[in-house]
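*Asks:* need coordinates for the below:
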Amino acid sequence: MLINTFLDTEDFVHLYYPEDEPVAAQGCGAGARMASKYPPRPPSPEYSQVVVPSTSEMSDRERYRAPPQPEPPPHRVRAADLYPRLRTHYDEPGLDAGFTPICGEFVQWVGRTADGGTIAMSNYRLHVQPRRRNGPGASIPLRLIDALEIRDLLHLIVLCKNGRQLKCSFNTGDQCIEWWRRLNTALAPIGSIQETFAAAYAAWAKEQPPTSVHRALMRASQSPQRHWFGPEVERLGFTSKGAWRVTAANAEYKLCPSYPPLLVVPASVCDEDLDSVARFRAMRRVPAVVWRHRGNGAVIARSSQPEVGWLGWRSSEDERLLAAFVSACNADRGMQTPNNNKQLKLLIVDARSYASAVTNRARGGGCECQQYYPAADIQFMCLPNIHHVRRSFQQMRALAAEPSDQANWHSNLERTLWLQYVSGVVRAASVVARAVAGARPVLVHCSDGWDRTPQIVAAAQLILDPYYRTLEGFRVLIEREWLDFGHKFADRCGHQFGPEDPNERSPIFLQWLDVVHQMMLQFPCSFEFNEAYLIKLGTHVHSCMFGTFLCNTRRERADCRAPDLTPHVWHLLRAPAYRNHLYSPHHLDQV
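*Replies:* From the prediction side, this is the model:
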């Protein structure tokens, strides 16, 4: 059974055994000199004196009893006890894995490919090395693999979750089937966080020398991290005029299990009303403020759909909460607010189409009724759901493996609808950014508020706030909008603990990274990070080498102790290779 506690050298506590008091020696020699030099201390009055019987008063059994032996120190749990080294199996002698394993990684299988190269599999990656040693090898984390296919009996096709596709050929069909079987065995569902490679890597990295890069990564991961909430509340000016307040109604995740413990809401709304609103919103995801325009006071809020249903249910607490957003923004206007005193309505941006929103009423969902929210306007963005995005990605991945010089390649790319979907997210983010820049508060939601909603909200903040285009700000943006507000990374990326549902998989976060990439192409000097940063981040979202993107919610990550048992990815991404050399900090305008 795996032990879910890892002990480091400095954390290991040794038992203390006090030494015996010096005893006055009788006779001559060294003992007598010791006795004269160190006379016995008188008993302290603070303690009761213990009377020791003389030798003549002891029984023979007591006199010749062996002195008590000190208890052995407790056994230290080492990485080799939790994650023992694995034996390497070679399909034929003289083979080499072709790569250097990292901490906690052990090569399990090494074989030969049809071109004379090697294929190797460890507990972390699949590595294919061509015959020419100076040629580029391909290393793919096992959890990055989406599907495996066998074509023409001799070709193993590896389809990856980041759009990559690898073809490996063998001399015989038996070899191809055997490697297909080995990979399928390695891709079995994970039972717990202790079975992830992130936990094995952390356990072995803690025992590396202090100068090791792996030990440095673990030190950086386990050092106290400044959380985004407090600094962001101050930076965005939520406490300047008292129109907003920070509520701890979700401190124990009773208000909403998929929300962070602290939320920003209008000061006029009490926690009891928030609980009533939670019962009216899908998955109890209440409208909460995530960003404020420091110039005009307009805010961006996010939530899930209201549970209107076919009967047209309404909630007076929800209606008052949305009206309070408008009142708070009017009371918290900044210096850049238009001179007219006209109160602008709240803009509700529904990521779905109107038809989809109406269809959701059959399942108890729906959208806000205009007559119940007179201080709001509703605009539908017509973004696709996770199933359409998944099909589009699969078609785009298959097309990317074909030669791009084909006559109909670009028309086939258009038929995948991938670029249209990316353009739709950019367009929706532009609508939000334009409204907020015009001093108008915005509420964004889709069905459950954890897929299309973070895409729009995070992209809009990239447009409006140059801080989020820095390395530190981009991390804060992802931690807040994607991690703390409950994007289901485990379900969408296919690395949840236990049986998985293939219908829950969808590259929503990868699509948003493509949105960021499109912005970087148009404004190459406005981002501190480069394209390699996005590629590396997209890889480790799925690799399970880091605990940053494990589980579905912040609460689940805390329950399984992911921050304690695994490293985070952010220290790795601060390397100079991921910085944009064209970045100009003076580009503080909107993109």
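*Asks:* where does this structure dip in pLDDT?
*Replies:* Low-confidence segments of the chain (pLDDT under 70): 1-76, 133-135, 223-226, 335-341, 587-591.
*Asks:* longest single helix anywhere in it?
*Replies:* helix 418-437 (DSSP state H).
*Asks:* ok, residues contacting it?
*Replies:* Helix 418-437 has contacts (Cβ atoms under 8 Å, 6 or more residues apart in numbering) with 293, 296, 298-300, 347, 349, 351, 379, 381-384, 388-389, 392-393, 395-396, 413-414, 442, 444, 452, 455-457, 459-460, 462-464, 511-512, 514-515, 518-519, 590. C-betas here are computed from N, CA, C, even on glycine.
*Asks:* identify the bridge partners of residue 159.
*Replies:* residue 147, residue 165 (DSSP bridges).
*Asks:* what ranges do the helices span in the stretch 401-550 of the chain?
*Replies:* With helices called from DSSP state H, counting those that start in this stretch, the stretch 401-550 of the chain shows them at 409-416, 418-437, 452-464, 471-478, 489-493, 508-522, 531-543.
*Asks:* just the CA atoms of the shortest one, as PDB, please.
*Replies:* Translated: helix 489-493. Only the C-alpha atoms of helix 489-493 are listed here, as PDB (Å, rounded to 0.1, in the frame of the first residue of the first chain):
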ATOM      1  CA  PHE A 489      -9.000  19.700 -16.200                       C
ATOM      2  CA  ALA A 490      -9.200  16.000 -15.100                       C
ATOM      3  CA  ASP A 491     -12.300  15.300 -17.200                       C
ATOM      4  CA  ARG A 492     -11.400  17.400 -20.200                       C
ATOM      5  CA  CYS A 493      -7.800  16.200 -20.400                       C
END
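*Asks:* please name every helix or strand in contact with it.
*Replies:* helix 508-522, helix 531-543 (3 or more Cβ pairs under 8 Å, 6 or more residues apart in numbering; DSSP states H and E).
*Asks:* quick revisit: between the helices of the stretch 401-550 of the chain, which gets nearest to residue 261?
*Replies:* helix 471-478 (16.6 Å; Cβ to Cβ).
*Asks:* on the three-state scheme, residue 371 is what?
*Replies:* With DSSP: H, G, I helix; E, B strand; the rest coil as the basis, residue 371 sits in helix.
*Asks:* neighbours of it, how many?
*Replies:* 7 (other Cβ atoms under 10 Å).
*Asks:* okay, it and residue 303: tell me how far apart.
*Replies:* Computed as Cβ to Cβ, to the nearest Å, the residue 371 to residue 303 distance reads 20 Å.
*Asks:* can you tell me the closest non-neighbouring residue to residue 273?
*Replies:* residue 317 (4.5 Å; Cβ to Cβ, 6 or more residues apart in numbering).
*Asks:* same question, residue 182
*Replies:* Residue 182 sits nearest to residue 109 (Cβ to Cβ, 6+ apart), 5.7 Å away.
*Asks:* shouldn't that neighbour be within a strand?
*Replies:* Yes - per three-state DSSP, residue 109 lies within a strand segment.
*Asks:* do I have it right that it meets residue 123?
*Replies:* No - counting by Cβ atoms under 8 Å, no contact exists between residue 109 and residue 123, whose distance comes to 10.6 Å.
*Asks:* coming back round to it: quick one: which of the helices of the stretch 401-550 of the chain is nearest residue 144?
*Replies:* helix 531-543 (4.7 Å).
*Asks:* who's in contact with that closest one?
*Replies:* Contacts of helix 531-543 (Cβ under 8 Å, 6+ apart): 124, 141, 143-144, 161-162, 197, 489, 493-495, 509-510, 513, 516-517, 520, 546, 548-549, 569, 572-573, 577-579.
*Asks:* can you check stretch 206-219 too?
*Replies:* Contacts for stretch 206-219 (Cβ under 8 Å, 6+ apart): 6, 8, 78-79, 102-103, 201-202, 204-205, 567, 571-572.
*Asks:* one more time with 6 Å, if that's ok
*Replies:* 8, 79, 103, 205, 567, 571 (Cβ atoms under 6 Å, 6 or more residues apart in numbering).
*Asks:* neighbour-wise, give me the winner out of these.
*Replies:* Going by other Cβ under 10 Å, residue 567 tops the contacts of stretch 206-219 with 24 neighbours.
*Asks:* so that one, which of the three states?
*Replies:* coil.
*Asks:* what do you get for residue 290?
*Replies:* Under three-state DSSP, residue 290 comes out as strand.
*Asks:* what's the burial count for it?
*Replies:* Neighbour number of residue 290 under other Cβ under 10 Å is 22.
*Asks:* please begin residue numbering at 306 from this point
*Replies:* With 306 as the first residue, the last one maps to residue 595.
*Asks:* burial of residue 625, as a residue count?
*Replies:* 16.
*Asks:* separation between it and residue 605?
*Replies:* Taken as Cβ to Cβ, the span from residue 625 to residue 605 is 20 Å.
*Asks:* repeat that for residue 387.
*Replies:* In terms of Cβ to Cβ, residue 387 sits 44 Å off from residue 605.
*Asks:* okay, the two: which has more neighbours?
*Replies:* Taking neighbours as other Cβ under 10 Å, residue 387 and residue 605 compare with residue 605 leading, 24 against 18.
*Asks:* make sure the more buried one is indeed in a strand.
*Replies:* Yes - the assignment for residue 605 is a strand, going by three-state DSSP.
*Asks:* buried stuff in the one helix or strand residue 522 maps to?
*Replies:* When elements are assigned from DSSP states H and E, residue 522 belongs to helix 518-527. Neighbour counts over helix 518-527 (16 or more other Cβ atoms under 10 Å) mark 519-520, 522-523, 526-527 as buried.
*Asks:* and which of those residues is nearest to residue 636?
*Replies:* For the buried residues of helix 518-527, the nearest to residue 636 is residue 526 (42.0 Å; Cβ to Cβ).
*Asks:* residue 620 is in contact with residue 585, correct?
*Replies:* Yes - using Cβ atoms under 6 Å, residue 585 is in contact with residue 620, at 3.8 Å.
*Asks:* what does the domain assignment say about the chain?
*Replies:* Domain ranges of the chain: 389-493, 498-529+793-896, 530-792, per automatic domain parsing.
*Asks:* run through the helices of the stretch 456-605 of the chain in chain order.
*Replies:* 478-491, 502-510, 518-527, 534-540, 576-585.
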